[in-house]
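Engineer: model the following, please.
(chains A and B)
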Amino acid sequence: NAGVTQTPKFRVLKTGQSMTLLCAQDMNHEYMYWYRQDPGMGLRLIHYSVGEGTTAKGEVPDGYNVSRLKKQNFLLGLESAAPSQTSVYFCASSYGAGYNEQFFGPGTRLTVL
Amino acid sequence: GQSLEQPSEVTAVEGAIVQINCTYQTSGFYGLSWYQQHDGGAPTFLSYNALDGLEETGRFSSFLSRSDSYGYLLLQELQMKDSASYFCAGADSWGKFQFGAGTQVVVTP
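Structural biologist: The predicted structure is shown next:
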């Protein structure tokens, strides 16, 4: 099992450009999450999904959109990137709700110039 | 919403015991989890407390008191490889999750 994978690992964008981050899991987990982590800070929840076809807003959803068309994939989109979105993005999945163990992907390091 | 407070840094020598406290304010609180993150790596799960009391997993133990809105992670027999950031995280019954800002544990020889 690959666990949770994220694509790409690194990306540099210019202000105003768009991109999609892909998260995939092969553990048949129902719940999936997108977090961002800024230097010296904890993880902040952007959006999450409690099952295929569902999404919900987290703590910092503005400027991001998500889709969960297939159970194993959770996509995070930035429509018009801003320097404030420079961060490390982590995807996670869990069998049940957030109180279950979350398995994290390796992260995507995004820089917006 | 939820907020979780934990110390920013703790320093200890090899072989010592370290306790990382976490206080939380939350609505719909369901349980408290702990995660470890080494520099440049992804967080990894350590433990979860849904009920009051102590959970032990090897050298790590976690405690929860719902009445005090308080929990802690206990690291025993510290090793150099335990140098990392440790996060408490609260979950609500809807599956929404919030992390504390993290505690940097520095283990010295």
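
Engineer: where does the prediction get shaky in the chain?
Structural biologist: Unless you meant another one, I'm taking chain A. Applying pLDDT under 70 to chain A flags residues A:98-99.

Engineer: switch to chain B, please.
Structural biologist: B:1-2.

Engineer: chain A contacts on that one?
Structural biologist: B:1, B:30-31, B:33, B:35, B:41-45, B:48, B:50, B:87, B:89, B:91-102 (Cβ under 8 Å from any Cβ of the partner chain). All C-beta spots, glycine's among them, are computed from the backbone N, C-alpha and C.

Engineer: are any of those buried, and if so which?
Structural biologist: By neighbour count, with 16 or more other Cβ atoms under 10 Å in any protein chain shown, the residues of chain B next to chain A hold B:30-31, B:33, B:35, B:42-43, B:45, B:48, B:87, B:89, B:91-92, B:95-102 as buried.

Engineer: so which of these sit within strands?
Structural biologist: B:30-31, B:33, B:35, B:45, B:48, B:87, B:89, B:91-92, B:97-99 (DSSP state E).

Engineer: measure stretch B:16-34 end to end?
Structural biologist: Using Cα to Cα, to the nearest Å, the end-to-end distance of stretch B:16-34 comes to 20 Å.

Engineer: wait, I meant stretch A:89-102
Structural biologist: Taking Cα to Cα as the criterion, the two ends of stretch A:89-102 lie 15 Å apart.

Engineer: helix or strand for the spatially most central residue of chain A, which one?
Structural biologist: Centroid-nearest residue in chain A, with Cα atoms, centre = their mean: A:Trp34, separated by 2.9 Å. Element membership for A:Trp34 (DSSP states H and E) is strand A:31-37.

Engineer: need the residues of chain A near chain B, please.
Structural biologist: A:31, A:33, A:35, A:40-45, A:48, A:50, A:56, A:58-59, A:90, A:92, A:96-107.

Engineer: need the buried ones from those selected in PyMOL.
Structural biologist: Buried residues within those, by 16+ other Cβ under 10 Å, are selected in PyMOL with:
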select buried, chain A and resi 31+33+35+42+43+44+45+48+50+58+59+90+92+97+98+99+100+101+102+103+104+105+106+107
